[in-house]
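Visitor: next input, structure requested:
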Amino acid sequence: MKKKVLIVSHALELGGAERSLIGLLEAMSPDRFEIDLFLLRHEGELMGMIPSYVNLLPEVPAYTVLARPMVTVLKEGHLLLTGARMAGKTAANRYAKKHGHTDSVVSLEYSHKFTCPFMPQIQPNTEYDLAISFLTPHYFVARKVRAKKKIAWIHTDYSKIQLNVKSELAMWSAYDHIASISDAVTESFLKVFPSLKNKMFLMKNILPVRLIRQQADAFSVDAEMPADSIRLLSVGRFCTAKNFDNVPDICSHLVQMGFHVRWYLIGFGGDEALIRQKIQEAGMGDRMIVLGKKENPYPYLKACDLYVQPSRYEGHCVTVCETQLLGKPVVITKYATSASQLRNGVDGIVVPMDNEGCAAGIAELLRNPQRMQELSEVCKNGDYSNAGEVQKLYDLMEE
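Guide: Have a look, this model is predicted:
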């Protein structure tokens, strides 16, 4: 008998979590699951990649309010929701100031928490076997969906996040189960919320393998990434976590060591101006190329000589797995969850977090082409799809 499942997420912009959502949808067989997908906004480059058997529910205007300017939504007549957002923002700023937060997620959490009481029910006439809240904040599935079981997802390292612990504990506690994308993410999460241990289960990111391999051959990137240098590549949001603001200095060290490299960045986000500033300060204008937002990053992953993930912290980086799936050598920094990301020295290399140490680790690998080829071969023969993980959802519903 088919299980009726609802998955709720924000939108389908270019991001690791969003691509793993596409992977999850692809792995959920229509023979076993009847799937509804509710997005707060019908936006993003991945909208066209939703499998045909997934029922995309209509966009509800109230839920689109959260990611658009308050002046705009106020003019549209969303008076109550705009007021709730303003109250949430004021409360979040007050909390962040009181606790000395400089990069807080409280503002995002409160925007959902304060508006949730005024949001309409999602599919009020339907009871699901399982409802999944795929991206935090996790208020709407808890309060606006009827389901026999509910799951909330963790995608990041909670040891690095500035948050309101008491408020988020109440949010997470409303769920029957909490899916964590790696053991390291679980460990960091439980240090913050030890009382939630019995709700946790491991659910690794599922990659859309067919889509990745097909799109990797979609076009040539030789014009943008010419093969007249060593092509380094990093992909991700331009934000604090990804640490791209330190890449110009790392690149400078490599150039000083005599390497003819070009380092390409794919992504978008609030730190773009900072990254460009750092490129100029390091004198790396001819060595670092910001390619910006790419709807299809896979031809670039396939073309690079070495993929580098220089993050300050990660949950479990989807792009690293995608690069391995395409058979490319990978370097990551030694962030807190790095041990769960790859097998150091087997299918990738872990280098120090500091800029000089990171550059030295990359240089050591670049000096050893045979070692790079060995890493590639291991990746080519590995299985990074994690498609079998979807059985865990079915088992939870059968319990």
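Visitor: show me where the stretch 251-399 of the chain has its helices.
Guide: Listed from the start of the chain, the stretch 251-399 of the chain has helices (DSSP state H, counting those that start in this stretch) covering 272-281, 298-303, 318-325, 355-366, 369-380, 391-398.
Visitor: packed most tightly, which of the ones you listed would that be?
Guide: Scoring the helices of the stretch 251-399 of the chain by mean neighbour count under mean count of other Cβ atoms under 10 Å gives helix 318-325 as the most buried, with a mean of 25. C-beta coordinates here come from the backbone N, C-alpha and C atoms, glycine included.
Visitor: still on that earlier bit, now the helices of the stretch 251-399 of the chain in JSON lines, with distance to residue 335 and mean pLDDT?
Guide: Written out in JSON lines, the entries for the helices of the stretch 251-399 of the chain read as follows (distance: least, Cβ to Cβ, whole Å; pLDDT from 0 to 100):
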{"stretch": "helix 272-281", "distance to residue 335": "19", "mean pLDDT": "97"}
{"stretch": "helix 298-303", "distance to residue 335": "20", "mean pLDDT": "96"}
{"stretch": "helix 318-325", "distance to residue 335": "11", "mean pLDDT": "92"}
{"stretch": "helix 355-366", "distance to residue 335": "11", "mean pLDDT": "97"}
{"stretch": "helix 369-380", "distance to residue 335": "19", "mean pLDDT": "95"}
{"stretch": "helix 391-398", "distance to residue 335": "26", "mean pLDDT": "90"}
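Visitor: for residue 167, find the nearest of those.
Guide: Each of the helices of the stretch 251-399 of the chain has some distance to residue 167 by Cβ to Cβ; the shortest is helix 391-398, at 26.3 Å.
Visitor: run through who's touching that closest one.
Guide: Judged by Cβ atoms under 8 Å, 6 or more residues apart in numbering, the contacts made with helix 391-398 from elsewhere in the structure are 3, 5, 28, 32-33, 129-130, 132, 148-149, 151, 177, 201, 203.
Visitor: for stretch 10-23, same thing?
Guide: By Cβ under 8 Å, 6+ apart, the surrounding residues in contact with stretch 10-23 are 7, 9, 39-47, 49-50, 67, 134-135, 155, 181, 205-209, 211, 236-237, 267-268, 293-295, 297, 317-319, 322, 385-387.
Visitor: report the buried members of the residues you listed.
Guide: Burial by neighbour count, judged by 16 or more other Cβ atoms under 10 Å, picks out 7, 9, 39-41, 44-46, 49-50, 134-135, 155, 181, 205-209, 211, 236-237, 267-268, 294, 297, 317-319, 322, 385-387 from the contacts of stretch 10-23.
Visitor: show me those that map onto strands.
Guide: Within these, membership in strands is found for 7, 9, 39, as judged by DSSP state E.
Visitor: show me the contacts for the closest residue to the second one other than its chain neighbours.
Guide: Spatial nearest neighbour of residue 9, excluding adjacent residues (Cβ to Cβ, 6 or more residues apart in numbering): residue 134 at 4.2 Å. With contacts taken as Cβ under 8 Å, 6+ apart, residue 134 has the following neighbours: 7, 8, 9, 17, 21, 153.
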